[in-house]
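A.B. asks: make a model of this:
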Amino acid sequence: MEQKKVILALGLAAVFIVVISLSAVIFSGGSGQSFVEENPKNAELICDIIGYTNAVEARFNTSEPVPEYITEKYGTIYIPPDVMTCDLVEIHDLGLKRDNSTTLRTRIYDTVYDLNYIFIESSVLENGLGVDSYSSIIHYINDSESAGAGLFEFSDDAGGGSGLYRQEIFFQSQSGEGFGIHVSPAQERASAMNSTKPLYIVYSTKDIDHDYRIPLPEL
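C.D. replies: Alright, predicted model coming up:
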């Protein structure tokens with residue numbers, strides 16, 4: 001009788017372990033992929049590709065020196081001239097697909113959009129980098145605005161897709177007012193290409209101290 005109780009207890013324990021294991025898989029998404037863990041700094045970012053972006057420095061004041069812990073880990077950091085404030089983030093492999101099935105849930109300021117990226121073309125730049133281009137229309141904004149996003153994946157071999165990205169997001173109102181968000185690698189090319197978690201700079205046209213575009217002549 002005692003032996004039966006022991007066997008029954010062991011059986012129940014095994015079932016309990018299986019249930020717990022299955023629950024862990026279900027609540028982790030069940031895909032086996034490990035994306036970015038929840039980072040409280042992400043809430044301060046102006047643009048967050050949810051599940052793929054990890055904030056390193058949010059709303060960094062570029063008049064201050066880049067913290068040593070960043071330069072020690074990522075090497076020389078490039079911040080474009082005239083950018084007063086920016087976010088420094090890691091972006092993990094986005095897993096872009098050419099069959100137009102890539103949807104990236106993206107928070108832009110306080111609004112979340114599901115951006116479905118359509119593959120446009122592959123090309124090779126003069127410096128030998130291959131680039132895949134994608135575009136997305138941003139829906140669910142008011143009738144007076146239009147918005148879209150471009151996403152570019154760079155690789156050493158054309159079509160290789162090593163996971164270096166540049167993202168451009170633009171909002172434009174009928175009144176002519178609007179803003180853009182730019183996401184691009186912040187490291188030197190060789191350093192970024194060899195990194196499993198490259199560092200990116202994220203900033204808005206609102207973060208630039210003046211419009212440096214060449215003014216159009218008056219008619």
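A.B. asks: could you pull out the strands for this protein?
C.D. replies: Along the chain, counting by DSSP state E, strands occupy 47-49, 53-61, 85-91, 102-108, 111-124, 130-137, 145-155, 164-173, 178-185, 199-204.
A.B. asks: and the fourth one, how far out from the chain middle?
C.D. replies: For strand 102-108, the separation from the chain centroid amounts to 9 Å (computed by C-alpha atoms, centre = their mean, to the nearest Å).
A.B. asks: contact partners of that strand?
C.D. replies: With contact meaning C-beta atoms under 8 Å, 6 or more residues apart in numbering, strand 102-108 is reached by 45-52, 94-96, 112-117, 134, 149, 169, 181. The way it works is simple: take the backbone N, C-alpha and C, and place the C-beta from them, glycine included.
A.B. asks: again with the longest one
C.D. replies: Contact partners of strand 111-124, identified using C-beta under 8 Å, 6+ apart, comprise 50, 96-100, 102-107, 130-136, 138-140, 149, 151, 158-159.
A.B. asks: now, of those, which are buried?
C.D. replies: 96, 102, 104, 106-107, 130-136, 138, 149, 151 (16 or more other C-beta atoms under 10 Å).
A.B. asks: from these, pick the one nearest Phe60.
C.D. replies: Arg107 (18.5 Å; C-beta to C-beta).
A.B. asks: what about the closest residue to Leu94 other than its chain neighbours, neighbour count?
C.D. replies: Excluding the flanking residues, the one nearest Leu94 by C-beta to C-beta, 6 or more residues apart in numbering is Tyr52, at 5.8 Å. Neighbour count of Tyr52, defined by other C-beta atoms under 10 Å: 19.
A.B. asks: for the one 3 residues further on, same thing?
C.D. replies: Residue neighbour count, defined by other C-beta under 10 Å, stands at 20 for Ala55.
A.B. asks: what bridges to it?
C.D. replies: Beta-bridge pairing for Ala55 (DSSP bridges): Val89.
A.B. asks: for it, give its distance to Asn127.
C.D. replies: 30 Å (C-beta to C-beta, to the nearest Å).
A.B. asks: show me where pLDDT drops low in this protein?
C.D. replies: Across the chain, the ranges flagged by pLDDT under 70 are 1-37, 140, 142-144, 157-163, 174-176, 210-219.
A.B. asks: let me know the closest of the buried ones among the contacts of strand 111-124 to Asp87.
C.D. replies: Out of the buried ones among the contacts of strand 111-124, the member with the shortest distance to Asp87 (by C-beta to C-beta) is Arg107, at 12.2 Å.
A.B. asks: bridged to the closest one, which residues?
C.D. replies: With DSSP bridges as the rule, Arg107 is bridged to Asp48, Val112.
A.B. asks: from His182, how far out is it?
C.D. replies: 16 Å.
A.B. asks: ok, Glu90 next?
C.D. replies: Taking C-beta to C-beta, one finds Glu90 at 17 Å from His182.
A.B. asks: alright, that wraps it up for me.
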